[in-house]
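Visitor: would you be able to build a 3D model of this:
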Amino acid sequence: MHRLYLLRHAEAAWTRPGTGDFDRPLTLRGREDAARLGRHMRMTGLVPTFVLCSSAARARESWHVLSGELAAADIETLHAPELYQGDTAECLALIAAIPTPGPLLVVGHNPTMQHLCHLLADSGTPEAMAAAGRGFAAGSLAVIEFTEPFSEIAPGKGRLSAFVPPGA
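Guide: The predicted structure follows:
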């Protein structure tokens with residue numbers, strides 16, 4: 001089983017005068033939610049072996065805070081500018097190019113994370129499907145399982161096994 005974790009960055013501050021959207025940091029709540037999610041992931045065994053992370057500040061900060069709670073050293077991380085404004089096709093291409101069998105964590109933005117979740121997983125546990133159907137709020141994590149390697153994933157081939165909302 002190959003696991004893909006899709007994380008929408010945690011809650012970010014509004015754009016400040018003189019700065020751009022790319023540079024928005026997390027809010028205090030966002031940092032707290034990311035730390036809580038990291039603890040949840042560690043306790044439930046949802047620890048990635050590789051991370052694709054948007055190069056935007058709020059995504060990098062989300063991963064930094066979350067990874068501090070995982071108690072797992074040396075998780076290889078690739079900061080991918082394409083995840084900042086890329087669409088689902090670009091994101092799928094990045095995922096398919098990762099040589100690891102997983103688990104793989106993608107830290108990105110909406111609407112891409114939500115679209116990707118719904119595109120890849122057309123089945124799953126009733127609880128996870130219902131939670132994902134309510135929206136992909138900042139700090140949400142989707143866990144999608146595949147029988148085939150990431151290089152062969154396709155729409156509808158995944159199973160949504162868990163959906164963790166922010167603050168859970």
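
Visitor: residue ranges in the protein under the pLDDT threshold?
Guide: Within the chain, no stretch has pLDDT under 70.

Visitor: longest single helix anywhere in it?
Guide: Secondary structure of the chain per DSSP state H: the longest helix is helix 28-44.

Visitor: and the contacts of that one?
Guide: In this structure, residues lying in contact with helix 28-44 by Cβ atoms under 8 Å, 6 or more residues apart in numbering are 5, 7, 9-13, 26, 46-47, 58, 61-62, 65-72, 138-139, 141, 164, 166-168. Just so you know, the C-beta spots here come from the backbone N, C-alpha and C atoms, and that holds for glycine as well.

Visitor: and with 7 Å instead?
Guide: Helix 28-44 is touched from outside by 10-12, 26, 47, 62, 65-71, 138-139, 141, 164, 166-168, with contacts defined as Cβ atoms under 7 Å, 6 or more residues apart in numbering.

Visitor: start and end of stretch 149-163, how far apart?
Guide: Using Cα to Cα, to the nearest Å, one end of stretch 149-163 lies 21 Å from the other.

Visitor: scratch that, stretch 70-80
Guide: Distances were taken as Cα to Cα; on that basis the terminal residues of stretch 70-80 are 21 Å apart.

Visitor: same check on stretch 145-165?
Guide: This stretch, stretch 145-165, spans 18 Å end to end (Cα to Cα).

Visitor: how far out from the middle of the chain is it?
Guide: A distance of 13 Å separates the C-alpha centroid of stretch 145-165 from that of its chain, computed with Cα atoms, centre = their mean, to the nearest Å.

Visitor: much appreciated, bye for now.
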